[in-house]
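Asks: Prediction below, plus the sequence it came from.
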Amino acid sequence: MPERHAAICLRTTDYSETSQVVHFFTRGAGAVRLLAKGSKRAKSKSGGAIDLLAEGDLVYAARHTEALGTLMEFSETASHAALRRDAPRLNAALYMIEMVGELMPPGDPHPEAFDLLHNALARLAHADAPVAAVLAYFQWRLLRHAGLLGDLAACVACGRDMRQRGAAREAHFSSRLGGLLCGGCEPSALEKFRLDAATLAGLAALAAVQSGAKVALPEAQAKAVNRMLAYHVREQLGKPLKVARYAVG
């Protein structure tokens with residue numbers, strides 16, 4: 001029986017002169033990989049080749065094996081064409097969908113992650129959107145949703161409260177240990193990322209926002225947080241995301 005879900009296109013590869021293999025992130029079924037037969041024809045049921053970032057209503061026939069499912073219909077509701085006219089916004093958007101594609105397992109529904117991606121792409125489309133802040137919030141929320149980022153309130157080694165005066169001096173973040181390291185514990189860690197004042201302030205701002213407070217995230221802090229979180233993603237995956245150097249620097 002066909003499945004129908006809201007979906008966002010994460011990746012496409014050519015299958016033939018007229019067809020594509022399309023990776024979608026759906027709200028109700030998680031990540032799916034589908035053969036879109038004839039999708040590159042202008043009169044196809046998708047209205048032509050399906051592009052990255054396209055959002056719409058997806059109908060497909062699922063497979064219960066590793067074989068490709070079959071796309072039956074894709075009705076686009078948002079192309080995010082505005083993002084393609086601005087390199088920083090486009091790079092941030094491409095980083096987001098690549099991150100989702102790497103962190104979200106196939107066939108496992110994550111509606112909260114879908115809504116996070118949908119809302120972040122919509123926010124980036126606004127001309128006044130602070131790109132670095134939108135990306136920092138997205139990375140923060142997705143990593144927490146995936147269980148890869150704790151509250152960062154205490155040293156992961158000794159338990160020292162990192163919010164105490166002076167505790168953040170010489171602070172580091174360890175991806176392998178999954179948290180902050182105070183100055184007394186960081187020398188024993190082989191893998192770590194040095195946190196400067198801007199990064200620490202940005203992390204505190206994001207934690208406050210997630211708690212419901214209205215806190216600004218200045219661009220310098222957002223960029224610093226993005227570099228740290230991109231490092232964390234790289235360590236967790238064992239490789240950098242392809243768009244990281246363009247989106248994060």
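Replies: Good, I have the coordinates.

Asks: Please report the distance of the closest residue to G30 other than its chain neighbours from G183.
Replies: The shortest distance from G30 to any non-neighbouring residue, by CB to CB, 6 or more residues apart in numbering, is to D108 (4.4 Å). Yep, even glycine has a C-beta here, placed from its N, CA and C like the rest. D108 is 39 Å from G183, where distance means CB to CB, to the nearest Å.

Asks: Could you export stretch 162-179 as CSV, CA atoms only?
Replies: Output of stretch 162-179 as CSV, limited to C-alpha atoms (Å, rounded to 0.1, in the frame of the first residue of the first chain):
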residue,chain,number,x,y,z
MET,A,162,31.4,24.8,34.5
ARG,A,163,29.1,27.7,35.3
GLN,A,164,31.0,28.7,38.4
ARG,A,165,33.3,31.7,38.2
GLY,A,166,36.6,30.9,36.7
ALA,A,167,35.6,27.3,35.8
ALA,A,168,35.4,28.0,32.1
ARG,A,169,39.0,29.2,32.0
GLU,A,170,41.0,26.7,29.8
ALA,A,171,37.8,24.8,29.1
HIS,A,172,37.8,22.3,26.2
PHE,A,173,35.2,20.1,24.6
SER,A,174,35.8,16.4,23.9
SER,A,175,33.7,14.8,21.3
ARG,A,176,34.7,11.3,22.3
LEU,A,177,33.9,11.9,26.0
GLY,A,178,30.8,13.7,25.0
GLY,A,179,31.1,16.9,27.0
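
Asks: quick one: which helix or strand includes the residue nearest to G30?
Replies: Under DSSP states H and E, no helix or strand contains D108.

Asks: got the end-to-end distance for stretch 232-245?
Replies: From its first residue to its last, stretch 232-245 covers 14 Å (CA to CA, to the nearest Å).

Asks: Which positions within it qualify as buried?
Replies: By neighbour count on 16 or more other CB atoms under 10 Å, the buried set for stretch 232-245 is H232, V233, E235, Q236, L241, V243, A244.

Asks: And for stretch 63-77?
Replies: Neighbour-count burial for stretch 63-77 [16+ other CB under 10 Å]: L68, G69, L71, M72, F74, E76.

Asks: Same question for stretch 166-178.
Replies: Neighbour counts over stretch 166-178 (16+ other CB under 10 Å) mark A167, A168, A171, H172, F173, S174, S175, L177 as buried.
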